[in-house]
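# I need the structure of the sequence given here:
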Amino acid sequence: MMISTKGRYALRIMVDLAQHKEEGFISLKIISERQEISLKYLEAIIGILNRANFVKSMRGKSGGYKLQRESKEYNIGSILRLTEGGLVPVNCSNCTPEHSCARGDECLSYPLWENLDRLVNDYLDSVSLEDIVEGRLVDKDIVIKFVDR
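Numbering: from 1, shown residues only. Model (predicted):
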C-alpha cells in the first residue's frame with residue numbers, strides 16, 4: 001500500500017488548518033505558499049474535504065477554509081480513506097460477499113492481508129489530527145494486539 005500525493009497533501013492541508021486555527025478562515029493561497037504545494041492541486045483536494053464536511057469555507061476578501069470540528073475529532077484514517085478511497089494493502093482485501101475473490105475459500109494468505117489491513121486502519125484511526133499537531137507521535141510505542149472480530 002502506498003499513500004498517494006493526494007492523501008498526503010490532504011493531511012498537510014488539515015494539519016496546516018489545525019496549526020493555524022486561531023487565524024480563522026485561511027486562504028488556499030496562503031496554505032499553498034506555506035506547504036509549497038500547487039494551488040491548482042490544493043483546489044481539487046480542498047473540494048473533496050469540503051464536500052465531506054471536514055472543512056468549512058467562506059467566500060470573500062477574508063474568506064478561506066477552516067476545520068469544521070476540533071482537531072482532536074479527526075482521525076488520520078478517515079482523512080486518508082476519504083482521499084484515497086481506501087487503504088487496503090492488496091486488492092483482494094476489498095473482497096466482499098458481493099465481490100468475492102475467485103480463490104477466496106482456498107487462499108491461505110488472505111488472513112495475512114486481512115490482519116495487515118486491520119492493523120493499518122486501527123493505527124491510523126487511533127491517531128488524531130491533534131496528535132500530529134502536538135507532536136505526540138515522536139517515539140510513540142506501538143503495541144500490536146490481535147483480537148477476534
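
# Packing partners of the helix or strand bottoming out on mean pLDDT in the chain?
For the chain, the helix or strand with the lowest mean confidence is helix 110-126, at a mean of 88 (criterion: mean pLDDT, DSSP states H and E). The elements that helix 110-126 packs onto, with contact taken as 3 or more Cβ pairs under 8 Å, 6 or more residues apart in numbering; DSSP states H and E, are helix 76-84. Where you see a C-beta, it was placed from the backbone N, CA and C, and this is true even at glycine.

# what comes into contact with the helix it packs on?
The contact list for helix 76-84, computed with Cβ atoms under 8 Å, 6 or more residues apart in numbering, reads 3-4, 6-7, 10-11, 14, 45, 48-49, 52, 54, 87, 121, 124-125, 127-129, 132.

# For the residue in the chain sticking out farthest from the centre, give its distance to residue 33.
Distance from the C-alpha centroid of the chain peaks at residue 106, with 33.1 Å (Cα atoms, centre = their mean). Distance of residue 106 to residue 33, given as Cβ to Cβ, to the nearest Å: 54 Å.
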